[in-house]
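S.K.: no sequence for this one, just the structure:
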């Protein structure tokens, strides 16, 4: 994409783009302030499923990144919107305690739930739990996954994400999960609606070439890939997705807006 092309809305991925764990990526604070100063609307979009939007807002502000909870579009929030539309009889929520409040309006049950909702629960995954979910889905429960990410970046290196468990459940049950986070088209359509821009005027900035860049492009947005976080050159080379721009880091975004 040429630098002079109009950008009237921006979506920022969080982990890997603005920070890694609790370490701010150099230039991230300046980039956000640069965008704000130019009056360009933006949202923070994330597949993080272990923190509420309020907790994420607090974390961002602590890092010097101005963010209100309602400026964050998260996978748990997207799942709540989906369930409101679906109105299930009851759900089994296999999610972090930190985001359970997102689902307090729905009836929860471990016995014959209509929907099994899966998020990141870290080390709580075990064979007995997977087998329980397998049986419930085989008995007719639908599978909703907050996302289907393969891995993410930590200070210790890459770490397996919940996509491994979601894909495993799909494989053994033959049931395709409904994905509510990135790269779900519904997720990006919600973001487009919030920004109030045409899709082609919006840029998604992320470190995942498939979920961030590919997902955005399939919805008519442009996708900027950053060489931070989970970025790996060999993954980019093997992908069929072609980013509209590749930035060394979020700091380089100021050259485009």
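M.R.: On my side now, so go ahead. Since the structure is predicted, the reported quantities are computational estimates derived from the model, not experimental observations.
S.K.: quick check: the most centrally placed residue in the chain vs residue 163, distance?
M.R.: Of all residues in the chain, the one closest to the mean position by C-alpha atoms, centre = their mean is residue 47, 2.3 Å from it. As defined by C-beta to C-beta, to the nearest Å, residue 47 lies at a distance of 10 Å from residue 163. For every residue, glycine as well, the C-beta is placed using N, CA and C.
S.K.: by contact count, what packs against the helix or strand where residue 10 lies?
M.R.: According to DSSP states H and E, residue 10 maps onto strand 9-13. On a contact count with 3 or more C-beta pairs under 8 Å, 6 or more residues apart in numbering; DSSP states H and E, strand 9-13 meets strand 42-46, helix 185-195, strand 202-206.
S.K.: which residues touch that strand?
M.R.: Strand 9-13 has contacts (C-beta atoms under 8 Å, 6 or more residues apart in numbering) with 18, 32, 35, 40-46, 182, 191-192, 195-197, 201-208, 212, 216, 221, 229, 250, 253, 257.
S.K.: so it versus strand 42-46, what angle?
M.R.: 30 degrees (axes from the mean of the first three to the mean of the last three C-alpha atoms, to 10 degrees).
S.K.: show me where the stretch 151-257 of the chain has strands.
M.R.: 151-154, 157-160, 178-179, 202-206, 222-226, 245-247 (DSSP state E, counting those that start in this stretch).
S.K.: buried ones only from the contacts of strand 9-13, please, as a ChimeraX command.
M.R.: To isolate the buried ones among the contacts of strand 9-13 in ChimeraX, judged by 16 or more other C-beta atoms under 10 Å, type:
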select :18,32,35,40,42,43,44,45,46,182,191,192,195,197,201,202,203,204,205,206,207,208,212,216,221,229,250,253,257
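S.K.: now render the strands of the stretch 151-257 of the chain as a markdown table, adding mean pLDDT and distance to residue 8.
M.R.: Putting the strands of the stretch 151-257 of the chain into a markdown table (pLDDT from 0 to 100; distance: least, C-beta to C-beta, whole Å) gives the following:
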| stretch | mean pLDDT | distance to residue 8 |
| --- | --- | --- |
| strand 151-154 | 80 | 29 |
| strand 157-160 | 87 | 34 |
| strand 178-179 | 94 | 27 |
| strand 202-206 | 98 | 7 |
| strand 222-226 | 98 | 11 |
| strand 245-247 | 97 | 16 |
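S.K.: out of those strands, flag the one nearest residue 132.
M.R.: Taking C-beta to C-beta, strand 178-179 is the member of these nearest to residue 132, at 19.5 Å.
S.K.: so what strands line up beside that closest one?
M.R.: Strand 178-179 pairs in its sheet with strand 142-145 (parallel), by DSSP bridges.
S.K.: name the residues of stretch 231-238 that are buried.
M.R.: Buried residues in stretch 231-238 (16+ other C-beta under 10 Å): 231, 236.
S.K.: ok, stretch 78-89 next?
M.R.: Going by 16+ other C-beta under 10 Å, stretch 78-89 has these buried residues: 78-80, 82-83, 88.
S.K.: that concludes my questions; thank you for your assistance.
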